[in-house]
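Peer 1: 3D, please:
(2 chains)
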Amino acid sequence: MSNKVAIIASNGGVFDAYKVFNIATAAAATEKEVAIFFTFEGLNLIHKQAMHALPLPEGKEHIAEGFAKANVPSIPQLVEMAQELGVKFIGCQMTMDVMGLTKDDFIDGIEVGGAVTFLEFAKDASPTLTF
Amino acid sequence: MQGDVQLDAKGLACPMPIVKTKKAMDSLQEGQILEVLATDKGSKADLAAWADSVGHQFIGTIEEGNLLKHYIRKCSNESIEEKPFEHTVSIDELQSLESGVILDVREEVEYAFGHIKGAKSIPLGELENRINEINKDLEIYVVCRTGKRSDFAAKKLAANGFKKVFNVVPGITAWKGNLSKKL
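Peer 2: Residues are numbered from 1 along each chain as shown, chains lettered A, B, ... in the order given. Below is the predicted model of the structure:
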(Lines give C-alpha, C1' and ligand atoms only; values in the text may rest on other atoms or scores of the structure.)
Protein backbone atom coordinates (compact mmCIF):
# COMPACT_ATOMS: atom_id res chain seq x y z
CA MET A 1 0.00 0.00 0.00
CA SER A 2 1.29 3.44 -0.91
CA ASN A 3 2.05 5.75 1.95
CA LYS A 4 1.85 8.88 -0.18
CA VAL A 5 -1.03 11.18 -1.04
CA ALA A 6 -0.58 13.62 -3.91
CA ILE A 7 -2.92 16.55 -4.36
CA ILE A 8 -3.25 19.08 -7.17
CA ALA A 9 -4.87 22.38 -6.16
CA SER A 10 -5.87 24.32 -9.26
CA ASN A 11 -8.77 26.46 -8.02
CA GLY A 12 -8.72 29.48 -5.76
CA GLY A 13 -12.03 29.61 -3.90
CA VAL A 14 -12.61 29.06 -0.22
CA PHE A 15 -14.46 25.79 -0.91
CA ASP A 16 -11.49 24.57 -2.91
CA ALA A 17 -9.17 25.52 -0.07
CA TYR A 18 -11.14 23.49 2.47
CA LYS A 19 -11.26 20.45 0.23
CA VAL A 20 -7.52 20.61 -0.30
CA PHE A 21 -6.40 21.31 3.25
CA ASN A 22 -8.91 19.07 5.05
CA ILE A 23 -7.85 16.07 3.03
CA ALA A 24 -4.19 17.03 3.32
CA THR A 25 -4.19 17.43 7.12
CA ALA A 26 -6.28 14.32 7.66
CA ALA A 27 -3.89 12.31 5.50
CA ALA A 28 -0.84 13.75 7.23
CA ALA A 29 -2.36 12.96 10.63
CA THR A 30 -2.79 9.40 9.39
CA GLU A 31 0.94 9.25 8.87
CA LYS A 32 0.87 9.68 5.11
CA GLU A 33 3.48 11.62 3.22
CA VAL A 34 1.54 14.43 1.54
CA ALA A 35 2.46 16.89 -1.20
CA ILE A 36 0.24 19.55 -2.75
CA PHE A 37 1.00 21.05 -6.13
CA PHE A 38 -0.50 24.54 -6.37
CA THR A 39 -1.11 25.67 -9.91
CA PHE A 40 -3.06 28.49 -11.60
CA GLU A 41 -5.75 29.85 -9.26
CA GLY A 42 -4.70 27.24 -6.73
CA LEU A 43 -1.73 29.45 -5.94
CA ASN A 44 -4.13 31.81 -4.13
CA LEU A 45 -4.43 29.22 -1.37
CA ILE A 46 -0.84 29.89 -0.28
CA HIS A 47 -0.51 33.52 -1.39
CA LYS A 48 0.36 35.66 1.65
CA GLN A 49 -2.53 38.08 1.15
CA ALA A 50 -5.01 36.21 -1.00
CA MET A 51 -5.26 33.22 1.37
CA HIS A 52 -6.88 35.45 4.00
CA ALA A 53 -9.72 36.51 1.71
CA LEU A 54 -10.56 33.61 -0.56
CA PRO A 55 -13.90 34.10 -2.29
CA LEU A 56 -17.02 32.03 -1.76
CA PRO A 57 -18.77 30.94 -4.96
CA GLU A 58 -21.14 33.59 -6.33
CA GLY A 59 -24.56 33.39 -4.70
CA LYS A 60 -23.19 31.27 -1.83
CA GLU A 61 -21.90 34.16 0.28
CA HIS A 62 -24.33 33.34 3.10
CA ILE A 63 -22.45 30.12 3.77
CA ALA A 64 -19.76 32.17 5.52
CA GLU A 65 -22.08 32.09 8.52
CA GLY A 66 -22.25 28.32 8.39
CA PHE A 67 -18.46 28.09 8.54
CA ALA A 68 -18.39 30.28 11.63
CA LYS A 69 -21.22 28.38 13.28
CA ALA A 70 -19.65 24.97 12.69
CA ASN A 71 -16.43 26.26 14.24
CA VAL A 72 -14.43 25.27 11.19
CA PRO A 73 -10.80 26.38 11.43
CA SER A 74 -9.74 29.26 9.16
CA ILE A 75 -7.71 28.58 6.03
CA PRO A 76 -4.53 30.16 7.46
CA GLN A 77 -4.94 27.93 10.54
CA LEU A 78 -5.31 24.84 8.38
CA VAL A 79 -2.29 25.84 6.31
CA GLU A 80 -0.20 26.22 9.44
CA MET A 81 -1.43 22.88 10.73
CA ALA A 82 -0.66 21.18 7.43
CA GLN A 83 2.89 22.53 7.44
CA GLU A 84 3.36 21.50 11.04
CA LEU A 85 2.30 17.97 10.10
CA GLY A 86 4.90 17.94 7.35
CA VAL A 87 2.74 18.46 4.27
CA LYS A 88 4.94 19.55 1.37
CA PHE A 89 3.76 22.58 -0.66
CA ILE A 90 4.96 22.92 -4.22
CA GLY A 91 4.20 26.13 -6.12
CA CYS A 92 4.05 25.88 -9.89
CA GLN A 93 6.94 27.80 -11.42
CA MET A 94 5.27 28.30 -14.76
CA THR A 95 2.10 29.81 -13.26
CA MET A 96 4.17 32.10 -11.08
CA ASP A 97 6.08 33.33 -14.11
CA VAL A 98 2.86 33.92 -16.05
CA MET A 99 1.32 35.86 -13.17
CA GLY A 100 4.46 37.80 -12.35
CA LEU A 101 4.77 36.34 -8.86
CA THR A 102 7.88 35.28 -6.97
CA LYS A 103 8.48 32.95 -4.05
CA ASP A 104 8.33 35.94 -1.68
CA ASP A 105 4.66 36.46 -2.50
CA PHE A 106 3.89 33.15 -0.83
CA ILE A 107 3.97 31.79 2.69
CA ASP A 108 7.27 30.51 4.03
CA GLY A 109 8.33 26.94 3.61
CA ILE A 110 7.10 26.27 0.08
CA GLU A 111 9.08 24.71 -2.70
CA VAL A 112 8.87 25.94 -6.23
CA GLY A 113 8.97 23.44 -9.01
CA GLY A 114 7.63 22.37 -12.32
CA ALA A 115 5.26 19.62 -13.29
CA VAL A 116 8.00 17.03 -13.14
CA THR A 117 8.74 17.82 -9.49
CA PHE A 118 5.18 16.92 -8.67
CA LEU A 119 5.04 13.94 -11.00
CA GLU A 120 8.13 12.52 -9.40
CA PHE A 121 6.43 12.62 -6.02
CA ALA A 122 3.08 11.40 -7.38
CA LYS A 123 4.37 8.46 -9.40
CA ASP A 124 3.89 6.03 -6.53
CA ALA A 125 1.23 7.92 -4.58
CA SER A 126 -2.21 6.56 -3.97
CA PRO A 127 -4.56 8.35 -4.11
CA THR A 128 -3.76 11.35 -6.29
CA LEU A 129 -6.49 13.95 -5.96
CA THR A 130 -7.30 17.01 -8.03
CA PHE A 131 -9.25 20.00 -6.79
CA MET B 1 -14.78 5.40 32.99
CA GLN B 2 -11.59 7.24 32.16
CA GLY B 3 -8.62 6.90 29.86
CA ASP B 4 -5.04 7.52 30.96
CA VAL B 5 -5.03 10.80 29.06
CA GLN B 6 -8.00 12.92 28.11
CA LEU B 7 -8.24 15.11 25.02
CA ASP B 8 -10.88 17.80 24.78
CA ALA B 9 -11.89 18.18 21.13
CA LYS B 10 -15.37 19.47 21.84
CA GLY B 11 -16.70 22.03 19.38
CA LEU B 12 -14.05 21.23 16.79
CA ALA B 13 -14.97 20.35 13.23
CA CYS B 14 -13.29 17.91 10.85
CA PRO B 15 -10.36 17.45 10.45
CA MET B 16 -9.38 18.91 13.82
CA PRO B 17 -10.45 15.99 16.06
CA ILE B 18 -8.18 13.71 14.01
CA VAL B 19 -5.28 16.15 13.96
CA LYS B 20 -5.53 16.71 17.73
CA THR B 21 -5.86 13.00 18.39
CA LYS B 22 -2.76 12.27 16.36
CA LYS B 23 -0.77 14.84 18.33
CA ALA B 24 -2.07 13.65 21.68
CA MET B 25 -1.37 10.04 20.80
CA ASP B 26 2.28 10.84 20.12
CA SER B 27 2.73 11.69 23.81
CA LEU B 28 1.17 8.48 25.13
CA GLN B 29 3.09 5.41 26.21
CA GLU B 30 2.37 2.15 24.48
CA GLY B 31 -0.66 0.47 26.04
CA GLN B 32 -2.14 3.67 27.46
CA ILE B 33 -5.65 4.72 26.59
CA LEU B 34 -6.61 8.09 25.13
CA GLU B 35 -10.10 9.37 25.84
CA VAL B 36 -11.25 11.85 23.18
CA LEU B 37 -14.18 14.11 23.98
CA ALA B 38 -15.80 15.35 20.78
CA THR B 39 -19.02 16.83 19.46
CA ASP B 40 -18.27 16.34 15.76
CA LYS B 41 -20.65 13.56 14.71
CA GLY B 42 -18.27 12.52 11.95
CA SER B 43 -15.56 11.80 14.48
CA LYS B 44 -17.13 8.46 15.32
CA ALA B 45 -16.42 6.89 11.96
CA ASP B 46 -13.32 8.98 11.36
CA LEU B 47 -11.49 8.08 14.54
CA ALA B 48 -12.20 4.38 14.11
CA ALA B 49 -10.85 4.52 10.57
CA TRP B 50 -7.87 6.59 11.67
CA ALA B 51 -6.94 4.18 14.46
CA ASP B 52 -7.27 1.25 12.10
CA SER B 53 -5.10 2.94 9.50
CA VAL B 54 -2.24 3.87 11.82
CA GLY B 55 -2.38 0.66 13.85
CA HIS B 56 -3.90 1.73 17.15
CA GLN B 57 -6.81 -0.08 18.80
CA PHE B 58 -10.17 1.69 18.62
CA ILE B 59 -12.01 0.41 21.69
CA GLY B 60 -15.35 2.15 21.31
CA THR B 61 -17.52 5.22 21.74
CA ILE B 62 -19.95 6.23 24.45
CA GLU B 63 -22.59 8.78 23.49
CA GLU B 64 -23.96 11.11 26.13
CA GLY B 65 -26.39 13.43 24.37
CA ASN B 66 -24.27 15.42 21.92
CA LEU B 67 -21.04 14.42 23.58
CA LEU B 68 -19.03 11.56 22.13
CA LYS B 69 -16.38 9.85 24.24
CA HIS B 70 -13.99 7.81 22.14
CA TYR B 71 -11.46 5.39 23.59
CA ILE B 72 -8.29 4.48 21.71
CA ARG B 73 -5.41 2.36 22.99
CA LYS B 74 -1.94 3.11 21.75
CA CYS B 75 -0.28 0.16 20.04
CA SER B 76 3.07 -0.21 18.40
CA ASN B 77 4.89 -3.25 17.17
CA GLU B 78 4.71 -4.94 20.52
CA SER B 79 7.83 -6.93 21.17
CA ILE B 80 7.23 -10.62 21.12
CA GLU B 81 8.48 -12.41 24.18
CA GLU B 82 11.32 -14.74 23.35
CA LYS B 83 9.99 -17.57 25.41
CA PRO B 84 6.23 -17.64 25.75
CA PHE B 85 4.52 -19.02 28.84
CA GLU B 86 4.38 -22.77 28.35
CA HIS B 87 0.86 -23.59 29.51
CA THR B 88 -1.74 -22.40 27.06
CA VAL B 89 -5.32 -23.19 26.17
CA SER B 90 -7.26 -22.19 23.08
CA ILE B 91 -9.89 -19.48 23.48
CA ASP B 92 -12.48 -21.97 22.19
CA GLU B 93 -11.98 -24.11 25.28
CA LEU B 94 -13.38 -21.31 27.45
CA GLN B 95 -16.79 -21.97 25.87
CA SER B 96 -17.10 -25.18 27.86
CA LEU B 97 -15.30 -24.25 31.05
CA GLU B 98 -16.57 -26.11 34.11
CA SER B 99 -14.39 -24.67 36.83
CA GLY B 100 -11.69 -22.09 37.34
CA VAL B 101 -11.47 -18.36 36.87
CA ILE B 102 -11.18 -16.34 33.66
CA LEU B 103 -8.86 -13.45 34.44
CA ASP B 104 -9.09 -10.56 31.96
CA VAL B 105 -5.91 -8.43 32.13
CA ARG B 106 -6.89 -5.80 29.57
CA GLU B 107 -7.54 -2.21 30.62
CA GLU B 108 -10.76 -1.38 32.42
CA VAL B 109 -12.12 0.47 29.38
CA GLU B 110 -11.53 -2.48 27.07
CA TYR B 111 -13.22 -4.79 29.56
CA ALA B 112 -16.20 -2.45 29.78
CA PHE B 113 -16.75 -2.50 26.01
CA GLY B 114 -16.88 -6.29 25.84
CA HIS B 115 -15.71 -9.21 27.96
CA ILE B 116 -16.45 -12.88 28.43
CA LYS B 117 -19.29 -13.33 30.86
CA GLY B 118 -18.07 -14.03 34.37
CA ALA B 119 -14.49 -12.95 33.68
CA LYS B 120 -12.70 -11.10 36.46
CA SER B 121 -11.02 -7.81 35.48
CA ILE B 122 -7.57 -6.95 36.75
CA PRO B 123 -5.55 -4.80 34.29
CA LEU B 124 -1.98 -6.04 33.81
CA GLY B 125 -0.56 -2.92 35.45
CA GLU B 126 -2.53 -3.58 38.64
CA LEU B 127 -1.89 -7.30 38.85
CA GLU B 128 0.99 -7.07 41.28
CA ASN B 129 -0.98 -5.08 43.84
CA ARG B 130 -4.18 -7.08 43.46
CA ILE B 131 -2.73 -10.54 43.21
CA ASN B 132 -4.33 -11.53 46.52
CA GLU B 133 -7.78 -11.16 44.96
CA ILE B 134 -7.18 -14.34 43.00
CA ASN B 135 -7.71 -17.77 44.51
CA LYS B 136 -4.50 -19.79 44.18
CA ASP B 137 -6.33 -23.11 44.34
CA LEU B 138 -8.36 -22.60 41.20
CA GLU B 139 -7.39 -22.88 37.56
CA ILE B 140 -6.64 -19.40 36.24
CA TYR B 141 -7.27 -18.73 32.56
CA VAL B 142 -5.57 -15.45 31.69
CA VAL B 143 -6.98 -13.62 28.70
CA CYS B 144 -6.31 -10.32 26.89
CA ARG B 145 -6.88 -9.08 23.37
CA THR B 146 -4.19 -10.96 21.46
CA GLY B 147 -2.39 -13.09 24.03
CA LYS B 148 0.60 -10.85 24.70
CA ARG B 149 -0.38 -9.08 27.90
CA SER B 150 -1.86 -12.31 29.21
CA ASP B 151 1.47 -14.01 28.54
CA PHE B 152 3.18 -11.50 30.86
CA ALA B 153 0.43 -11.89 33.42
CA ALA B 154 0.59 -15.70 33.36
CA LYS B 155 4.35 -15.59 33.98
CA LYS B 156 3.82 -13.16 36.83
CA LEU B 157 1.22 -15.40 38.43
CA ALA B 158 3.42 -18.47 38.06
CA ALA B 159 6.33 -16.57 39.63
CA ASN B 160 4.05 -15.76 42.56
CA GLY B 161 3.28 -19.38 43.30
CA PHE B 162 0.18 -19.96 41.20
CA LYS B 163 0.29 -23.57 39.99
CA LYS B 164 -2.64 -23.88 37.64
CA VAL B 165 -2.19 -20.96 35.26
CA PHE B 166 -3.02 -21.00 31.56
CA ASN B 167 -2.49 -18.33 28.95
CA VAL B 168 -5.51 -18.17 26.64
CA VAL B 169 -4.51 -17.92 23.00
CA PRO B 170 -4.91 -15.99 20.89
CA GLY B 171 -7.31 -13.83 22.90
CA ILE B 172 -10.62 -11.99 22.83
CA THR B 173 -10.16 -11.10 19.14
CA ALA B 174 -10.85 -14.75 18.31
CA TRP B 175 -13.74 -15.25 20.75
CA LYS B 176 -16.80 -16.61 18.93
CA GLY B 177 -19.31 -16.32 21.77
CA ASN B 178 -21.17 -13.26 23.04
CA LEU B 179 -19.43 -10.48 24.91
CA SER B 180 -20.91 -8.78 27.97
CA LYS B 181 -20.70 -5.03 28.40
CA LYS B 182 -20.37 -2.96 31.51
CA LEU B 183 -21.00 0.62 30.38
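Peer 1: all contacts plus neighbour counts: C-alpha atoms, from now on.
Peer 2: Noted.
Peer 1: List the buried residues of the worst-scoring helix or strand of chain B on mean pLDDT.
Peer 2: Ranked by mean pLDDT, DSSP states H and E, the weakest helix or strand in chain B is helix B:43-54, scoring a mean of 91. Going by neighbour count (16 or more other C-alpha atoms under 10 Å in any protein chain shown), the buried part of helix B:43-54 is B:43-44, B:46-48, B:50-51, B:54.
Peer 1: other SSEs contacting it?
Peer 2: The contact analysis (3 or more C-alpha pairs under 8 Å, 6 or more residues apart in numbering or on different chains; DSSP states H and E) places helix B:43-54 against helix B:16-26, strand B:57-64, strand B:67-73.
Peer 1: Please name the strands paired to the last one in the sheet, noting orientation.
Peer 2: What it means is strand B:67-73. strand B:33-38 (antiparallel), strand B:57-64 (antiparallel) (DSSP bridges).
Peer 1: who touches the last one?
Peer 2: It stands for strand B:57-64. If you take C-alpha atoms under 8 Å, 6 or more residues apart in numbering or on different chains as the criterion, strand B:57-64 is touched by B:44, B:47-48, B:51-52, B:68-75, B:109-110, B:113.
Peer 1: what does the shortest one give?
Peer 2: Residues external to strand B:33-38 that are found in contact with it (C-alpha under 8 Å, 6+ apart): B:2-12, B:17, B:21, B:24-25, B:28, B:67-74.
Peer 1: And the residue lying closest to residue B:42 once chain neighbours are set aside, what's its pLDDT?
Peer 2: Once flanking residues are discounted, residue B:42 sits nearest to residue B:14: 7.4 Å by C-alpha to C-alpha, 6 or more residues apart in numbering or on different chains. Note on residue B:14: pLDDT of 87.
Peer 1: Just the element for residue B:14, please.
Peer 2: Counting by DSSP states H and E, residue B:14 is held by no secondary-structure element, helix or strand.
Peer 1: I figured it hits residue A:71, correct?
Peer 2: No. The criterion here is C-alpha atoms under 8 Å, and residue B:14 misses it with residue A:71 at 9.5 Å.
Peer 1: Which one's more surrounded, the two?
Peer 2: A count of neighbours by other C-alpha atoms under 10 Å in any protein chain shown puts residue B:14 above the other of residue B:14 and residue A:71, at 20 against 13.
Peer 1: just for chain A, where's the confidence low?
Peer 2: A:1 (pLDDT under 70).
Peer 1: That one: helices as residue ranges?
Peer 2: Per DSSP state H, chain A carries helices over the ranges A:14-29, A:63-69, A:75-84, A:93-99, A:115-122.
Peer 1: can you tell which of those is closest to residue A:108?
Peer 2: Set against residue A:108 and scored by C-alpha to C-alpha, the helices of chain A come closest in helix A:75-84, at 9.7 Å.
Peer 1: Show me the domain layout of chain B.
Peer 2: B:5-73, B:88-174 (automatic domain parsing).
Peer 1: tell me how far the ends of the first one are from each other?
Peer 2: Domain B:5-73 has an end-to-end distance of 10 Å (C-alpha to C-alpha, to the nearest Å).
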